[in-house]
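J.: sharing a sequence plus its predicted fold:
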Amino acid sequence: EPKGLPGAVFSVQLLNADGTVKETLADAATDSNGMLKFSRTLLVNEEQIILLTEKTAPAGFSLGTTPWKGCFVFLKLGADTTALDLDALSSDVGCNVQTVSNGSVALVTVTNEPASLMIRKVDEEGMALTGAEFELTKIDGTVILPSVVEESGEWKYKGLTAGEYVLKETKAPEAYKLPD
């Protein structure tokens with residue numbers, strides 16, 4: 001089972017039925033167990049639509065190209081379905097919509113990718129060059145080995161922790177020289 005990550009920050013918004021923002025309720029961060037706890041008294045005589053959007057990934061992790069979103073329709077007291085068009089709402093907000101019965105807890109898992117770095121060595125025309133070598137070090141001098149070295153001229157470093165790094169080209173491709 002994945003370990004919870006502290007420090008992820010989520011925007012919590014109350015939405016209208018058409019997916020537009022009615023009210024921004026808070027920005028909330030996950031605790032030391034990776035749990036996001038947000039309390040709001042919901043009106044039991046009407047549905048409430050809550051949108052969570054991850055704004056900041058935990059240290060050493062990336063939001064990726066599309067931040068995680070989750071939309072939750074909290075049903076009226078005694079209701080077990082909604083009259084809302086959940087497919088339309090999902091399309092409007094850009095994520096899946098989950099219904100939650102009154103008195104229930106919405107539990108979801110959000111997965112973040114460790115921070116990574118990809119280097120691609122190319123010539124003046126943008127064509128991949130092979131034969132170059134790089135050294136990535138932490139600011140304290142600790143050398144980080146590439147996770148993957150490709151024939152295509154790409155180097156991938158995965159699982160990087162938060163911090164400052166120095167990238168140095170140590171060998172130029174054939175017919176090229178190292179920068180001064």
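T.: Sure, I can see it. Values in this document were obtained by computation on a predicted structure and should not be read as measured data.
J.: what's downstream of the helix or strand of the chain with the lowest mean pLDDT, the next helix or strand?
T.: Here the helix or strand of the chain ranked lowest by mean pLDDT, DSSP states H and E is strand 148-149, holding a mean of 58. For strand 148-149, the following helix or strand on the C-terminal side (DSSP states H and E) is strand 154-160.
J.: the chain: strands as residue ranges?
T.: Taking DSSP state E as the test, the strands found in the chain are 9-15, 21-29, 48-56, 61-62, 69-74, 97-100, 113-120, 133-138, 143-144, 148-149, 154-160, 165-171.
J.: least confident of these, on average?
T.: Sorting the strands of the chain by mean pLDDT places strand 148-149 lowest, at a mean of 58.
J.: what about dumping the CA coordinates of stretch 25-45 to PDB?
T.: C-alpha atoms of stretch 25-45 as PDB (Å, rounded to 0.1, in the frame of the first residue of the first chain):
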ATOM      1  CA  LEU A  25     -13.600  27.500   0.500                       C
ATOM      2  CA  ALA A  26      -9.900  27.000   1.300                       C
ATOM      3  CA  ASP A  27      -6.500  25.800   0.400                       C
ATOM      4  CA  ALA A  28      -5.700  22.800   2.500                       C
ATOM      5  CA  ALA A  29      -2.500  20.700   2.900                       C
ATOM      6  CA  THR A  30      -2.100  17.000   3.600                       C
ATOM      7  CA  ASP A  31      -0.900  16.100   7.100                       C
ATOM      8  CA  SER A  32       2.100  14.000   8.200                       C
ATOM      9  CA  ASN A  33       0.100  10.900   7.100                       C
ATOM     10  CA  GLY A  34      -0.800  12.300   3.700                       C
ATOM     11  CA  MET A  35      -4.400  12.800   4.700                       C
ATOM     12  CA  LEU A  36      -6.300  15.900   3.600                       C
ATOM     13  CA  LYS A  37      -8.900  16.800   6.200                       C
ATOM     14  CA  PHE A  38     -11.300  19.500   5.500                       C
ATOM     15  CA  SER A  39     -14.500  20.100   7.500                       C
ATOM     16  CA  ARG A  40     -17.500  22.000   6.200                       C
ATOM     17  CA  THR A  41     -21.000  21.800   7.400                       C
ATOM     18  CA  LEU A  42     -23.000  20.700   4.400                       C
ATOM     19  CA  LEU A  43     -26.700  21.700   4.000                       C
ATOM     20  CA  VAL A  44     -28.700  18.500   4.300                       C
ATOM     21  CA  ASN A  45     -31.600  19.900   2.200                       C
END
